[in-house]
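Visitor: here you go, sequence then predicted model.
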Amino acid sequence: MFSCWLSRLYWALSKPTGRTKPLIWGSLSRSLVLSSQRRIPELSSFVARTNTCGELRSSHLGQEVTLCGWIQYRRQNIFLVLRDFNGLVQVVIPQDESAASVKKILCEAPVESVVQVSGIVISRPPGQENPKMPTGEIEIKVKTAKLLNSCKKLPFEIKDFLKKTEALRLQYRYLDLRSSQMQYNLRLRSQMVMKMREYLCNLHGFVDVETPTLFKRTPGGAKEFVIPSREPGKFYSLPQSPQQFKQLLMVGGLDRYFQVARCYRDEGSRPDRQPEFTQIDIEMSFVDQTGIQSLIEGLVQYSWPNDKDPVVVPFPSMTFAEALASYGTDKPDTRFGMKIVDISDVFRNTEVRFLQDALSKPQGTVKAICIPEGAKYLKRKDIESIRKSAADRFKQEVLPVFLKASRNWNSPVGKLIMEEQGLQLIRLLEVQEEDVVLLTAGEREKACSLLGKLRLECADLLEAGGVVLRDPALFSFLWVVDFPLFLPKEENPKELESAHHPFTAPHPSDVHLLYTEPQKVRSQHYDLVLNGSEIGGGSIRIHDAELQRYILATILKEDVKLLSHLLQALDCGAPPHGGIALGLDRLMCLITGAPSIRDVIAFPKSFRGHDLMSNAPDSIPPEELKPYHIQVSWPTDPEAEKSSLNHPCHPES
Ligand code: ASP
């Protein structure tokens, strides 16, 4: 009956580019087609319509149909465009006396009112077809109409909605959801999750298990939300992930677990994070790192939308050390080059003072990145602001060097670089005509991390000038492996904390170092990175209670009593096991090209963790707090408290 079920299922949408652009209802063609579709879903079963608006074509000519939808707009009281989730269709408003009541309903109902119309599918008169509309060859000759609900109040026009501020969109989220972009995002998300479920459960025998959201505090890791209980002084915690439960399911012999899991982290205001978010959470028994990696590659490939280029597997892999050295970050964007290069050897005998100083220190290095055509695209003020922010924010000096560029802004080092050094730099950094080299010196990690940030800033600047560095159609997956098991704590670098979480197993070849130089132990932790964002992470777990106890108590100085149930379980015949969690919101955000993860979540929280529609969190009268034995201690200066939570680039700030 239908040529392509999803072009029928969803209204036509445009192919997303790197940034979300407003989609025009029914005018563009983008079908949500996922791999290996098998069934055509029945979209009009059980309901008061025979068809959806967006599915009607010339093949329906002469059919009597009943449609339900929203009035998108009306033209001269002659035509009305009706919209449902599947698209738009033109309805001809009858003009003859005998249909006066139908005309009255269709002409008087305000825009966005909900109506039901019945009529015949007819051809549009020659010359009046609209090739931009998938239903543009036909229209509906209405016989009867019913007003199902009049739209009395509309704070803005739906078609303009994407132009409104995000705060307003969040306040009227139920209207924002009517936009074609939000519908596309949520429907694609639903379909991908369905494919993931199919791949995991039907093809690979995973069991979907729900784990509790009322739990207790887990040591280490992210801050958890607390939930009061009726027992004085006792609180639940919302789990930051089902980590303990998924391991316990392995001890329980479930063998392969999966869950679309809601996780909660009370990390305060952080851009593009949500206090509640969703993970595709996975755990397997008797598996090693390569087993998990192959599973995930298959999962991504199987659930990948067909309107994107197919995903190529296996994904490339990079060690943590290499990622930091070449990209200055553990989540490198490998869609473009501009890698960090160590040029310390070029400057062993330099006259330049700050390079000399840096190299005389034990961890001292000189590092550089080469910005392709930087002399052409970066303005003098761009370089100045890069230098200033490096000095202010990172206490680091950055110098631009123009080796082959015709333009040279009298770089101070330029003059001090000897000819031989210049030639070596050109060779090491593969400098071409009009490139700019950014050079910094200092302690290895600091220098790399700074250049890693500048690499991304310069990419933005080049792209603002029109250079295409990061092709929006390109999805560059990368495994980052061989992380250290522990990292020095930020607030007290003498103490160690887990780089992933305390249940991660050490690398088999480094176990002996645990007892002597724990900071040198690598772990069996792996992260999945997509286009420079971490979209997943996991590890092979410790299944030996003694080792787990040693790491918790001796290295991490945690209270093992909090985890006695887990330690006991490990002692009861826990199989070797490992797992991973994929961040579904971020993955969907990257796939749809949405500007924020809020655009792929139906009802997200604002930057400050508020639901702008309902105003949650809300206050509770003191008497309702009594059963929980808690009292509010009000801040002395609520205004100061409020402004400390604000952020300049977000609604609500
Ligand atoms: N629970 C971990 C996380 O949320 C993922 C894992 O190790 O499987 O990051």
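Guide: Received it, and whenever you're ready, just let me know what you need.
Visitor: rest of the way, CA atoms for contacts and neighbours
Guide: OK.
Visitor: can you report how many residues lie near whichever residue of the stretch 201-350 of the chain sits closest to the ligand?
Guide: Residue nearest to the ligand within the stretch 201-350 of the chain (Cα to the nearest ligand atom): Gln243, separated by 4.5 Å. Other residues within reach of Gln243, judged by other Cα atoms under 10 Å, total 20.
Visitor: so what's it up against?
Guide: Applying Cα atoms under 8 Å, 6 or more residues apart in numbering to Gln243 gives no contacts.
Visitor: could I get the pLDDT score of it?
Guide: We note a pLDDT of 96 for Gln243 in this prediction.
Visitor: Cys53 versus that one, what's the distance?
Guide: Gln243 sits 45 Å away from Cys53, going by Cα to Cα, to the nearest Å.
Visitor: interface residues of the chain facing the ligand?
Guide: Contact residues (Cα under 6 Å from any ligand atom) of the chain with the ligand: 241, 243, 537-539, 579-581.
Visitor: top of those by number of neighbours, please.
Guide: Gly579 (28 neighbours).
Visitor: Asp527 is in contact with that one, correct?
Guide: No - counting by Cα atoms under 8 Å, Gly579 stays clear of Asp527, with 11.2 Å between them.
Visitor: what do the two both touch?
Guide: Gly538.
Visitor: what's the most distant pair in the residues of the chain next to the ligand?
Guide: Ser241 and Ser539 (13.8 Å; Cα to Cα).
Visitor: ok so, going back, and the residue of the stretch 201-350 of the chain closest to the ligand, how far from Ser449?
Guide: Gln243 is 30 Å from Ser449, by Cα to Cα.
Visitor: do Val311 as well
Guide: On the measure of Cα to Cα, Val311 and Ser449 end up 30 Å apart.
Visitor: before we move on, what about Thr213?
Guide: For Thr213 relative to Ser449 (Cα to Cα), the value is 37 Å.
Visitor: which of these two has more residues huddled nearby?
Guide: Applying other Cα under 10 Å to Thr213 and Ser449 shows that Ser449 carries more neighbours, namely 20 against 17.
Visitor: now the element after the helix or strand that one falls within, going C-ward?
Guide: Using DSSP states H and E, Ser449 sits within helix 444-464. Using DSSP H and E, the next helix or strand after helix 444-464 towards the C-terminus is strand 477-481.
Visitor: report the mean confidence score over the helix or strand that comes right after that next one.
Guide: Using DSSP H and E, the helix or strand that follows strand 477-481 in sequence is strand 486-488. Strand 486-488 carries an average pLDDT of 95.
Visitor: can you list the buried residues in strand 486-488?
Guide: Neighbour counts over strand 486-488 (16 or more other Cα atoms under 10 Å) mark 486-487 as buried.
Visitor: partner strands of it, parallel or antiparallel?
Guide: Using DSSP bridges, strand 486-488 pairs in its sheet with strand 496-498 (antiparallel).
Visitor: which other residues reach the partner strand?
Guide: Counting by Cα under 8 Å, 6+ apart, 220, 485-489, 519, 555-556 sit against strand 496-498.
Visitor: what about the strands in the stretch 251-400 of the chain?
Guide: 256-264, 276-285, 317-319, 341-342, 364-371, 398-401 (DSSP state E, counting those that start in this stretch).
Visitor: hmm, I typed the wrong one, I wanted the stretch 1-150 of the chain.
Guide: 64-75, 79-84, 87-92, 114-123, 138-149.
Visitor: format the ones you listed as a markdown table; extra columns: mean neighbour count.
Guide: Formatted as a markdown table, the strands of the stretch 1-150 of the chain follow (neighbours: other Cα atoms under 10 Å):
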| stretch | mean neighbour count |
| --- | --- |
| strand 64-75 | 20 |
| strand 79-84 | 23 |
| strand 87-92 | 26 |
| strand 114-123 | 20 |
| strand 138-149 | 20 |
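Visitor: low-scoring stretches of this structure, by residue?
Guide: 1-38, 159-162, 221, 269, 406-415, 638-653 (pLDDT under 70).
Visitor: please identify which helix or strand holds the most centrally placed residue in it.
Guide: By Cα atoms, centre = their mean, the chain has its centre lying nearest to Arg586, at 1.5 Å. Per DSSP H and E: Arg586 is located in helix 584-592.
Visitor: what's that helix packed up against?
Guide: helix 180-197, strand 276-285, strand 533-540 (3 or more Cα pairs under 8 Å, 6 or more residues apart in numbering; DSSP states H and E).
Visitor: what about the residue of the stretch 51-200 of the chain found nearest the ligand, which SS state?
Guide: The nearest approach of the stretch 51-200 of the chain to the ligand comes at Leu200, 15.5 Å away (Cα to the nearest ligand atom). Assigned with DSSP: H, G, I helix; E, B strand; the rest coil, Leu200 falls in the helix class.
Visitor: for it, give me its contacts.
Guide: 206, 258, 299.
Visitor: can you do 6 Å?
Guide: Phe206 (Cα atoms under 6 Å, 6 or more residues apart in numbering).
Visitor: try Lys146
Guide: Applying Cα under 6 Å, 6+ apart, we find Lys146 in contact with 115-116.
Visitor: for it, name its beta-bridge partners.
Guide: Gln116.
Visitor: who is the nearest residue to Val111 once chain neighbours are set aside paired with across the strands?
Guide: Leaving aside its sequence neighbours, Val111 sits nearest to Ile71 (Cα to Cα, 6 or more residues apart in numbering; 5.2 Å). With beta bridges defined as DSSP bridges, Ile71 has these partners: Leu82.
Visitor: and Arg169, how far is that from Pro576?
Guide: Taking Cα to Cα, one finds Arg169 at 47 Å from Pro576.
Visitor: and the strands in the stretch 501-650 of the chain?
Guide: 525-530, 533-540, 577-583.
Visitor: what pairs with the shortest one, parallel or antiparallel?
Guide: Yep, that's strand 525-530 we're talking about. strand 477-481 (antiparallel), strand 533-540 (antiparallel).
Visitor: reformat those as JSON lines; add distance to Leu428.
Guide: Shown next, in JSON lines, are the strands paired with strand 525-530 (distance: least, Cα to Cα, whole Å):
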{"stretch": "strand 477-481", "distance to Leu428": "25"}
{"stretch": "strand 533-540", "distance to Leu428": "28"}
